[in-house]
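> got a predicted structure here, sequence first:
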Amino acid sequence: MITYNISLNKELAQIVDKQIKSGKFANRSEFFRQLLRSVFLSVEKNDIADDFIYREPYYSELKQRVKNLETGKEKFINAKKFDKEFNF
């Protein structure tokens, strides 16, 4: 098996560790293997029509959120504020 080394910032590393502790994955390697499988093997390569994000209700929701951002009804927050708001 080939080995790859990657560097993650603290926040991403915490997310990975949290997923492992939840029992969904046996270890970090399994987490990343599943992540790669879901990205590269779940849909045909370059087949944008099969991407769930372009299916309803996701697509309409994304269009509405962009509209809300453009009109000022919603705003972006940084990751630090998001983590604090949702107790990560």
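That came through, no problem.
> measure the residue most central in space within the chain to residue 73 for me?
The residue lying closest to the centre of the chain (Cα atoms, centre = their mean) is residue 35, at 9.7 Å. Going from residue 35 to residue 73 by Cβ to Cβ, to the nearest Å gives 33 Å. Quick note: C-beta positions are derived from backbone N, CA and C, even for glycine.
> what does residue 67 give?
When distance is defined by Cβ to Cβ, residue 67 is 8 Å away from residue 73.
> swap in residue 84?
22 Å.
> ok, residue 41 next?
On the measure of Cβ to Cβ, residue 41 and residue 73 end up 38 Å apart.
> quick one, what contacts residue 14?
For residue 14, the contact set (Cβ atoms under 8 Å, 6 or more residues apart in numbering) comprises residue 88.
> surely residue 59 meets residue 51?
No. Counting by Cβ atoms under 8 Å, residue 59 does not reach residue 51; the two are 9.7 Å apart.
> how about the strand or helix carrying residue 67 as PDB, C-alpha atoms only?
Using DSSP states H and E, residue 67 falls within helix 58-71. The C-alpha coordinates for helix 58-71 follow below in PDB (Å, rounded to 0.1, in the frame of the first residue of the first chain):
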ATOM      1  CA  TYR A  58     -30.500  21.600  -3.200                       C
ATOM      2  CA  TYR A  59     -30.100  23.700  -6.300                       C
ATOM      3  CA  SER A  60     -33.100  26.000  -5.500                       C
ATOM      4  CA  GLU A  61     -31.800  26.400  -1.900                       C
ATOM      5  CA  LEU A  62     -28.400  27.400  -3.200                       C
ATOM      6  CA  LYS A  63     -29.900  29.900  -5.600                       C
ATOM      7  CA  GLN A  64     -32.000  31.400  -2.800                       C
ATOM      8  CA  ARG A  65     -29.000  31.600  -0.400                       C
ATOM      9  CA  VAL A  66     -27.000  33.500  -3.100                       C
ATOM     10  CA  LYS A  67     -29.900  35.800  -3.600                       C
ATOM     11  CA  ASN A  68     -30.100  36.400   0.200                       C
ATOM     12  CA  LEU A  69     -26.400  37.100   0.400                       C
ATOM     13  CA  GLU A  70     -26.600  39.600  -2.500                       C
ATOM     14  CA  THR A  71     -29.600  41.400  -0.900                       C
END
